[in-house]
Every structure is written in C-alpha cells, then in structure tokens.
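1. A predicted structure for the sequence below; I have some questions about it.
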Amino acid sequence: LYATFLSDTLIVTFTDITERKQTEEGLAESLERLKGFDMHCSEGVYRIDMKKPVPLDLSKDEMLGWVNKHALIGEVNTSLARMYGLTSQDMIGRPATDFAPNYGERVLFVLEKSDYRIINEETEDVDKEGNPLYLIENYHGIVNNGYLYSIWGAQRDITDRRQAEKALQENEEFLNTIVENIPDMIFVKDARELRFVRFNKAGEELLGYSREDLIGKNDYDFFPKEEADFFIKKDRAVLRSVEHLDIPEEPIQTKYKGERILHTKKLPILDEEGKPRYLLGISADITERKQMEEELRISGERYREYFEENISGSYISSPEGQLIACNQEYTNIFGFDTIQHAMDMPINKIFENPNDRIEFLKRIYKEKRINSNVTNFKKIDGTTVHVLENASGVFDEAGKLLHIRGFLLDITEQKKLESQLRQAQKMEAIGTLAGGIAHDFNNILFPI
C-alpha cells in the first residue's frame, strides 16, 4: 500500500504482492526444512536479499551498481560457511560482494534467463585465506512485478576435484614434454587392430611422416609388405605373451632417409583387467652406430693384421709393465713358447739392467715417446738380446699414463757383425802399422 498526499487529495495505490508473499513463504518453509538437513548436507545453501528491490528496467550499469550496493547475505547453511572458512554468523548480514566481488555480474546473468535460473554453473571464489574456491552453483532469482527481491542458491565445492584435474593436466603436460623431447621414436598402437594412436616428434622426423598422417593407420600403409609382416608378427607376439620384447636390430624403410637400422623395445600396456589395451614401442636409430662398428671392425682387422704380421716385436703394456697384447715376433725375440707365455711375463722383468726400465719410464713421462733406443734384454734362457726400441705413451686428458705401445727390433746379429767389423778394422790397422815399421826398418838396414 502506497499513499501520497497531493494538495487536499489523498492518492492511494495498491500493489498485489500475493504471489510474491506466497513464493517467499514457500521458500522460507523450504529453508526451514533445509535447516533440518544442515548438519548432513554437503552442499552450501544460501539466500541473498536485496535491501532495496532491484528494478528490472534499469540499465545494466545502473543495475550493477544497485546490486553491488544492496545485495546482503540473508541466510547460509553450515556447509557453505565452512567452504569459506567461516561460520554462518560471520557471513549473514554482510554484502555479497565481500565473498564474490563479481556478484553483480552474476545477478545480471541470471536476470537474462527467461526463468531466472542458472543450472550447474562453474564459478570461482576465494576463502578467507585467499585460496581459490572452485564451485558448481545453481541459483534462482525471486522476481515479482518487475523487481528482483532475492537470490536463492546452492553451491557444491569442487575445489579438490579441480585441483586434482589441474595436477593431472600438469602431470600429463610434463609427461608429454618428456615424450616429445626424447630423441628416440616412441609410438603407441591399439592392441586390437594395431593402428597408431600416438607418435612423438622424433618418430615423425625418423619416418618422414607427420603424426596426422600416421594416427589411425597401420604398418601396411607406410612400409613394404615384408617389413610390415615382420612388425605385425612381433607386435602379436608381445600381446600374446604380455611380456617385454627386445629387438636388437630391426631394418625399416623411411620416407627420406632410406633404410635405417633400429633397436626396438616393445611392451604391452594393460587395462584394469590385465588385458592388453595398447602396444608401446621405443625405437632408437642405431644406423650410424652400426656403420661405425663396421668401420671399427674393418679397422681393427687391419690393425690386427698389421700387429700380427709386423716384423718387429709389437706390444702394449700397462705403466707397471704388465703386457696387454703382443705379437708373434715379440715371442720370437725373447724365446717364449707362445703369446700367452709371453703375456705372463711382465716386460720390466726382462730388462737386463733394471735401471734401464726406470730411465725408460722417465723419458716416456717427459718426452711422451722414445725413438731408436738401444736396450739390452734377457731372453728366457738368460742370454742377452740387443733391441732397438721405439715406444710411445698414451695419456688421458688429466695427464695420467694409461698404457705404453712399443716396437722392438732384434739387432743382436747386427751388434755381432759390428763387433767383428771393428775387430777386422783393428787387425787391418795393426797390419798397416807393422808394414810401415818393416819398411822403415828395411830403409835403415839397407845402407848398413
């Protein structure tokens, strides 16, 4: 009832609020029933009252300012207060914007609906500590005769779920980052039809196809039938045995790089019932490594042939003198029966003079190598053998001596010939001297 005096006339206006009162009474009755379930209700229930009803014919900006100014918390249950870390008494009577700064915008949103209802809307608030609250909200505006009187709503706290989803998403992104940056090809096939469902960047670069081209296809779409038959056979074997399979060498035909050699590991991914759901494959491109191994093998064979057929006694020893390798000529020089027999005898044990070994090591450390060094050794029968030695030390980056490589040439016979030559030269000199003396003596005797 509204009354206005105009001069000597009383103007009386009546507004029918029967429906509104019935609605409010029904809601109040419902609220009373809800209070009975308060202690057992996990959802937060609330009522926002407008200190002054909001005229619906206002502009959006005017309505926004009106709601933010006049919206007060009229009722909350224990669960809702607990969500914000407060009690019901802490919240009732306070402006709604204290707990939801964007509350006015949410009211505008509900008023745009024909039935003034919002169902299962996800919203975000903060508790009293400033921690985020993720909520699913249902709320209904009480409107009558062009005015908004209150908002009734219920909230369900999904913070734990959202945080778990966020942690799961972050974990998935972390794992995806790892998978994408692994240099080996990683692929996943479904266990039923063996079609590709996942490929990483290394797999794309190796095969020469984009993952969009690969996903949903199988081996027969990209590889020759013989190769595809081989891959599928191995896949089926893994799924049947439900065990890991290691394939040391697996040739594969790529789009741009030709044939490559892969080292592949395959294993099944099982579902909750323990049955294969996916097939995981990890393949490392070992083509360059295989080529290097082949080159090293050929080089090793050549070196071994040179080592074995070398006319000098070749050896490799530790700094302490223990032989690591030697050839047949080495055994011949010192009279060993076999190479193993020679390997059992440290080289420093066959120096005739132990001091020669000490001087040898000093020069190796100082000069790194020794050229044309003449040394006397002992054969296993105790006789002396004269050796011309070339040797070099192999050092690591820190300057530590790792091992010594040496080449020995038996010059015993040469030494004997040199000795005989010197003896002959001495005899020739004596003969020349004797001839000269005889000539001079003859010259003295002639006049006599």
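-> Sure, I can see it.
2. pLDDT wise, what is residue 361 at?
-> Residue 361 carries a pLDDT value of 92.
3. same deal with residue 23?
-> 65.
4. Repeat that for residue 93.
-> Residue 93 carries a pLDDT score of 90 in this model.
5. Which strand or helix spans it?
-> Using DSSP states H and E, residue 93 is not contained in any helix or strand.
6. now swap in residue 57 and tell me
-> Here residue 57 is assigned to no helix or strand, by DSSP H and E.
7. I'd guess residue 61 is in a strand, am I close?
-> No. Under DSSP: H, G, I helix; E, B strand; the rest coil, residue 61 falls outside any strand and is assigned helix.
8. Report how many residues lie close to it.
-> 10 (other C-beta atoms under 10 Å). C-betas here are computed from N, CA, C, even on glycine.
9. do you know how far it is from residue 52?
-> 17 Å (C-beta to C-beta, to the nearest Å).
10. same question, residue 403
-> Residue 403 is 97 Å from residue 52, by C-beta to C-beta.
11. Between those two, which is the more surrounded one?
-> residue 403 (15 against 11).
12. Which secondary structure elements does whatever helix or strand the more buried one lives in sit against?
-> Per DSSP H and E, residue 403 falls inside strand 401-410. Applying 3 or more C-beta pairs under 8 Å, 6 or more residues apart in numbering; DSSP states H and E, one finds that strand 401-410 makes contact with strand 313-317, helix 328-334, helix 354-367, strand 384-395.
13. For it, enumerate its sheet partners and note whether each is parallel or antiparallel.
-> strand 313-317 (antiparallel), strand 384-395 (antiparallel) (DSSP bridges).
14. Check what contacts the first one and list those residues.
-> Read it as strand 313-317. With contact meaning C-beta atoms under 8 Å, 6 or more residues apart in numbering, strand 313-317 is reached by 307, 323-327, 329-334, 346-347, 387, 403-410.
15. Next one: the most centrally placed residue in the chain, what pLDDT does it get?
-> Geometric centre of the chain, nearest residue: residue 178, 5.2 Å, by C-alpha atoms, centre = their mean. Looking at residue 178, its pLDDT is 88.
16. what does the one 4 residues further on give?
-> Model confidence at residue 182, given as pLDDT, is 90.
17. Also residue 254?
-> 91.
18. and it, how many neighbours does it have?
-> 18.
19. got the residue ranges for the helices in the stretch 1-150 of the chain?
-> Listed in chain order, the helices of the stretch 1-150 of the chain (DSSP state H, counting those that start in this stretch) span 18-36, 60-70, 78-83, 88-91, 103-111.
20. Lowest average confidence across these, which one?
-> helix 18-36 has the lowest average pLDDT among those, namely a mean of 65.
21. and residue 169, how many residues sit next to it?
-> 10.
22. Helix, strand, or coil at it?
-> With three-state DSSP as the basis, residue 169 sits in helix.
23. Now do residue 37, the pLDDT please.
-> 54.
24. what's the answer for the one 10 residues further on, then?
-> pLDDT recorded at residue 47 is 89.
25. neighbouring contacts of the strand or helix carrying the residue nearest to the centre of the chain?
-> With secondary structure defined by DSSP H and E, residue 178 is part of helix 159-181. Identification of contacts with helix 159-181 by C-beta under 8 Å, 6+ apart yields 132, 133, 134, 135, 186, 200, 201.
26. next SSE after that helix?
-> Downstream of helix 159-181 (by DSSP H and E), the next one is strand 185-190.
27. for the nearest residue in space to residue 230 that is not next to it in sequence, which residues make a bridge with it?
-> Counting by C-beta to C-beta, 6 or more residues apart in numbering, residue 230 lies nearest to residue 250, which is 7.8 Å off, once chain neighbours are set aside. Beta bridges link residue 250 to residue 262, judged by DSSP bridges.
28. What distance do you get for the residue nearest to the centre of the chain to residue 186?
-> Residue 178 is 10 Å from residue 186, by C-beta to C-beta.
29. Any buried residues in stretch 132-139, and which?
-> Neighbour-count burial for stretch 132-139 flags 133, 134, 135, 136, 137, 139 (criterion: 16 or more other C-beta atoms under 10 Å).
30. that older thread, next, the buried residues of the strand holding residue 403.
-> Applying 16+ other C-beta under 10 Å to strand 401-410 flags 404, 405, 406, 407, 408, 409, 410 as buried.
31. and the fourth one, what does it touch?
-> Residues in contact with residue 407, defined by C-beta under 8 Å, 6+ apart, are 310, 312, 313, 314, 389, 390, 391.
32. most neighbours, which of those?
-> residue 313 (23 neighbours).
33. quick one: pLDDT of that residue?
-> Looking at residue 313, its pLDDT is 87.
34. Specify the beta-bridge partners of it.
-> With DSSP bridges as the rule, residue 313 is bridged to residue 408.
35. Would you map the helices across the stretch 201-350 of the chain?
-> Using DSSP H, counting those that start in this stretch, helices in the stretch 201-350 of the chain cover 201-207, 211-214, 225-241, 287-309, 328-334, 339-343.
36. Assumed residue 375 was part of a strand.
-> Yes. Judged by three-state DSSP, residue 375 forms part of a strand.
37. For it, list each beta-bridge partner.
-> residue 387.
38. need the least confident one among the helices of the stretch 201-350 of the chain, by mean pLDDT.
-> helix 287-309 (a mean of 76).
39. give me the number of residues near residue 263?
-> 17.
40. circling back to that earlier point, wait, which of the contacts of residue 407 is closest to residue 224?
-> Among the contacts of residue 407, residue 310 lies closest to residue 224 (C-beta to C-beta), at 47.8 Å.
41. Tell me, what's the model's pLDDT at the closest one?
-> 64.
42. where are the low-confidence patches of the stretch 301-448 of the chain?
-> Applying pLDDT under 70 to the stretch 301-448 of the chain flags the ranges 302-310, 417-425, 427-429, 431, 433, 435, 439.
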